[in-house]
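In: give me the fold of what follows.
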Amino acid sequence: MRTMKAAIVIDYIVQRIADEGVEHCFGVPGDYAFPVCDAVDRNPNIKWIGCSNELNASYAADGYARARGAAMLSTTYAVGELSAINGVMGAKAERSLVYHVVGMPSYQNQRLRKTMHHTLGDGVFDKFINISAQAACCHAVINPDNCVIEIERVIAEARRNNQPAYIVVPSDYALAPITPADVRPVPVKSNETSLQKAVAAITERLKSSKSVVALPAFTISRLGLQKEARAAIEAIGCPFATTSMEKSIIDESHPQFAGMYSGALSTEETRKIVEGAELVLDIGGVSLNDETTMGFSTHLDPARFISIGLNDVRVGDQLFGNVRIADVLAALAKFESGAPRYKRTPEGNPSINGKPSDKITMDALYPRYAKFIRSGDNVVLESGSSSFGVPPLTLPDDVQVHIQMLWGSIGWATGASFGIALADPKRKTILITGEGSHQLTANEIGNMGRYGANPIILCLNNDGYMVERALEPNPDWSYNDLAKWRYADVPHALGCTDWFTARVETLGELDAALKAARESKSGAYIEVIGGRMDMPKGLAFAHTRLKELYGETP
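Out: Below is the predicted model of the structure:
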C-alpha cells in the first residue's frame, strides 16, 4: 500500500483508491465536489483527468477499469452524478470496477433544509442517493466517524463483485478530520471447505464426461485472470470457444481454440463442439445475450453447464458459495486429464481483395483492419457495425479487444478508448467506430490530445445509423439520418493539431492512410466512407432475426 498520512476525510478516500492501483481520476469539476477535485490535485499518486462531460468521464472510467482493474470517477451532486449514471450502470452490467465519488451539499445546509442549487428546491437532499446507488454494487454516505470503516467495506465489496462503488461525501465532512479506527483492508478469499467441495464436484463431472468445452467469460479479463484461465483449460485439455464479448481473451493461435461461437453464424465445427458437448464449463459467467447468440440462434442445454462465478460455483443443483474464481482456476490447473488434448487446425482470414481505385466495401474493409491490428494493440469496438465486423476475424496474439456487447450504449467506445489509452500507454489503442455512435461523444477527442492519449481512430461514415437501419424492417425512416459532419476535420478543430487525419473513399486511399496512421507519433484519425446499406455479415443476419429479437408484431 502507498497510504500517506491523511488527516481529513477526502484525503483518506482519495489515497485509499490510489492504493487500489488507480493513477488517474476522470471527472468534471463542480462546487460541491471541489474538495474531491482538490484532494486529487494535491495527491502525488493520482492525476486529475478533466473530461468534456460526466457521461464521457464515466465511459472513460469504465475503459480505464477494464485495462487497469479499477478506476476513479468524480462528479458533483445531482446534475453531475445523474449525467454519469448511464456509463456507471454499463460498468455494473459488464463488471468494471469504478469508484464513483460524489461531493454533495454540506451537512450543515442539509440539516437546515436550505434551498440550494442542483436540488428540487424542497430541502430534501438524499433522494438522488437511491438512484445512483442502483448503478453500484455497494454505496456509502461518508462522515468523519464512519470514514475508515466504510471505505474498507465498499472497497472489499467492490472487489468481491468487480462492480462500481458509489461513495458520497458532504462538502464540509470532506474537510473534517477523520476519526481513527483500527481497521485493515479486508482480503477477499475463498472458504477453504467450500472451495474443496466445489473443486471435487467439478473434477468429478470432468472425469465422467465424454466431451467437454470451456467458455471463458468476459469477467476473466476484468479480473486479469487470462493466464490462470488458460492454464486451467490446458490442464483439462478440452477445446474452448469464445463469444464476441470475449474476443481474443485467450490468444486465438492457441491449439485448443475452437473458434468464435455465435449461434447460427458459427462455423459448423465450432457449433458442433459447443452445442454437442456433454459438459460446458462456463468460466466466469458467460453472457449468452441476444447479440452474442445472434438473435438467440443457439441450441444449448443449461443442464450441461457447470458455472464458475466470481464468488460461487454451480454444478447441477449444487451451489458452493464463498468460492473465488481465482482459487478455482488454480485448483483446476492441477487437474490431470486422461483424455487426448484437443487440437484445432487454424483458419486464416479472408484475403485482402479489391483494386486501389475501388470504393470501400465492408467485405474489403474488415480484412484490412485485421491485417492492420498488431500484437500488443488495444482494440475498442463500438456497439454497432464494428462489433459485428471485427470479431469473426482472427487477430494476432496479445491483442486486447474491448467491447460493450451487453449494455450496448452507443458512444461508449470513444470515451472508453480515452480511459484505456491512459490506463495502458504501452499499447497502441485503436478505436473502430461508426459515425452515429461517434457523434455522441466525439468532443472527448480534444482531451485525448490534451493528455497525450494518442489513439488511432477509424470512423465509418455510412450516412446514418447503420445498426439501427439493420434492426428494423424499414431502414429509411428519417430518424436514422445524421448531421453530415466533416469527421476528418474534428481532431484539428478540437485542438489535436499534430494528429494525422484523412478522409478516404477508395481502397488505395485507405491503405495509404492506415500506413500513415501507424507511423504517426501522435494520434491519428481516418474517416472511412462506406455504403449506406453495406453491412457486415453478422449485422445482415441480425436483420433476418427481428422476430426472435423483438417478438411478434401485433
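In: residues in contact with the closest residue in space to Gln163 that isn't next to it in sequence?
Out: Leaving aside its sequence neighbours, Gln163 sits nearest to Cys137 (Cβ to Cβ, 6 or more residues apart in numbering; 3.9 Å). All C-beta spots, glycine's among them, are computed from the backbone N, C-alpha and C. Cys137 makes contact with Lys92, Glu157, Ala158, Asn161, Gln163, Pro164, Ala165 under the criterion Cβ atoms under 8 Å, 6 or more residues apart in numbering.
In: just the element for the fifth one, please.
Out: Spelled out, that is Gln163. Of the helices and strands defined by DSSP states H and E, none includes Gln163.
In: quick check: it vs Leu365, distance?
Out: Distance of Gln163 to Leu365, given as Cβ to Cβ, to the nearest Å: 36 Å.
In: from the contacts of Cys137, which land in strands?
Out: Among the contacts of Cys137, the members falling in strands (DSSP state E) are Ala165.
In: would JSON lines of the contacts of Cys137 with neighbour count, distance to Lys547 and pLDDT be doable?
Out: What follows is these, written out as JSON lines (neighbours: other Cβ atoms under 10 Å; distance: Cβ to Cβ, whole Å; pLDDT from 0 to 100):
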{"residue": "Lys92", "neighbour count": "20", "distance to Lys547": "30", "pLDDT": "98"}
{"residue": "Glu157", "neighbour count": "18", "distance to Lys547": "41", "pLDDT": "97"}
{"residue": "Ala158", "neighbour count": "24", "distance to Lys547": "40", "pLDDT": "98"}
{"residue": "Asn161", "neighbour count": "18", "distance to Lys547": "35", "pLDDT": "97"}
{"residue": "Gln163", "neighbour count": "24", "distance to Lys547": "34", "pLDDT": "98"}
{"residue": "Pro164", "neighbour count": "34", "distance to Lys547": "35", "pLDDT": "98"}
{"residue": "Ala165", "neighbour count": "26", "distance to Lys547": "40", "pLDDT": "98"}
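In: between the contacts of Cys137, which is closest to Gly285?
Out: Nearest to Gly285, judged by Cβ to Cβ, of the contacts of Cys137 is Asn161 at 11.4 Å.
In: how about the nearest residue to that closest one, chain neighbours excluded?
Out: Once flanking residues are discounted, Asn161 sits nearest to Cys137: 4.2 Å by Cβ to Cβ, 6+ apart.
In: run through the protein and note the low-pLDDT ranges.
Out: Low-confidence segments of the chain, defined by pLDDT under 70, are located at 1-6, 553-554.
In: let me know the next secondary structure element after the top helix by length along it.
Out: Among the elements of the chain assigned as helix by DSSP state H, the one spanning the most residues is helix 192-208. Sequence-wise, the next helix or strand downstream of helix 192-208 (DSSP H and E) is strand 212-216.
In: got the contact list for the helix or strand following that next one?
Out: Going down the chain from strand 212-216, the next helix or strand is helix 219-222, by DSSP H and E. Applying Cβ under 8 Å, 6+ apart, the contact partners of helix 219-222 are 65-66, 69, 94-97, 162, 226, 229, 246, 249, 283-285, 310, 325, 400.
In: ok, which stretches of the stretch 351-500 of the chain are helices?
Out: 362-372, 386-389, 412-423, 435-441, 445-450, 466-470, 490-493 (DSSP state H, counting those that start in this stretch).
In: deepest-packed of those helices, please.
Out: Ranked by mean neighbour count under mean count of other Cβ atoms under 10 Å, the helices of the stretch 351-500 of the chain are led by helix 412-423, which reaches a mean of 30.
In: helices and strands around that helix, which ones?
Out: Here helix 412-423 touches strand 24-27, helix 54-68, helix 79-93, strand 378-381, strand 400-403, strand 429-434, helix 435-441, helix 445-450, going by 3 or more Cβ pairs under 8 Å, 6 or more residues apart in numbering; DSSP states H and E.
In: quick one, what contacts Ser106?
Out: Ser106 neighbours (Cβ under 8 Å, 6+ apart): Pro170, Ser171, Asp172, Tyr173.
In: and which of the residues you listed is nearest to Ile457?
Out: The shortest approach to Ile457 among those belongs to Ser171, at 37.8 Å (Cβ to Cβ).
In: related to what we said a few turns ago, and the contacts of Cys137 as a markdown table, adding distance to Gly495?
Out: Shown next, in a markdown table, are the contacts of Cys137 (distance: Cβ to Cβ, whole Å):
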| residue | distance to Gly495 |
| --- | --- |
| Lys92 | 33 |
| Glu157 | 40 |
| Ala158 | 35 |
| Asn161 | 38 |
| Gln163 | 35 |
| Pro164 | 31 |
| Ala165 | 33 |
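In: of the contacts of Cys137, which is the nearest to Tyr451?
Out: Distance to Tyr451, by Cβ to Cβ, is smallest for Pro164 among the contacts of Cys137, at 22.7 Å.
In: surely that closest one and Val98 touch.
Out: Yes. Applying Cβ atoms under 8 Å as the test, Pro164 and Val98 come out as touching, 4.3 Å apart.
In: overlap in contacts, those two.
Out: Common neighbours of Pro164 and Val98, counting by Cβ under 8 Å, 6+ apart, are Val88, Ala91.
In: who's in contact with the nearest residue to Ala540 once chain neighbours are set aside?
Out: Nearest non-adjacent residue to Ala540, counting by Cβ to Cβ, 6+ apart: Ala470, 7.0 Å away. Contact analysis of Ala470 by Cβ under 8 Å, 6+ apart lists Ser385, Met535, Leu539, Ala540, Ala542, His543.
In: shouldn't Tyr366 be in contact with Gly389?
Out: Yes. Under the criterion of Cβ under 8 Å, Tyr366 makes contact with Gly389 at 4.4 Å.
In: return every residue with contacts to both of those two.
Out: By the contact definition Cβ under 8 Å, 6+ apart, Tyr366 and Gly389 are jointly contacted by Pro536.
In: pairing partners for the spatially closest residue to Val154 that is not a sequence neighbour in the sheet, please.
Out: Nearest non-adjacent residue to Val154, counting by Cβ to Cβ, 6+ apart: Ala165, 4.4 Å away. Beta bridges link Ala165 to Tyr99, Cys138, judged by DSSP bridges.
In: can you pull the contacts of Ala165?
Out: 97-100, 136-140, 154-155, 157-158.
In: mind running it again at 6 Å?
Out: Tyr99, Ala136, Cys138, Val154, Ala158 (Cβ atoms under 6 Å, 6 or more residues apart in numbering).
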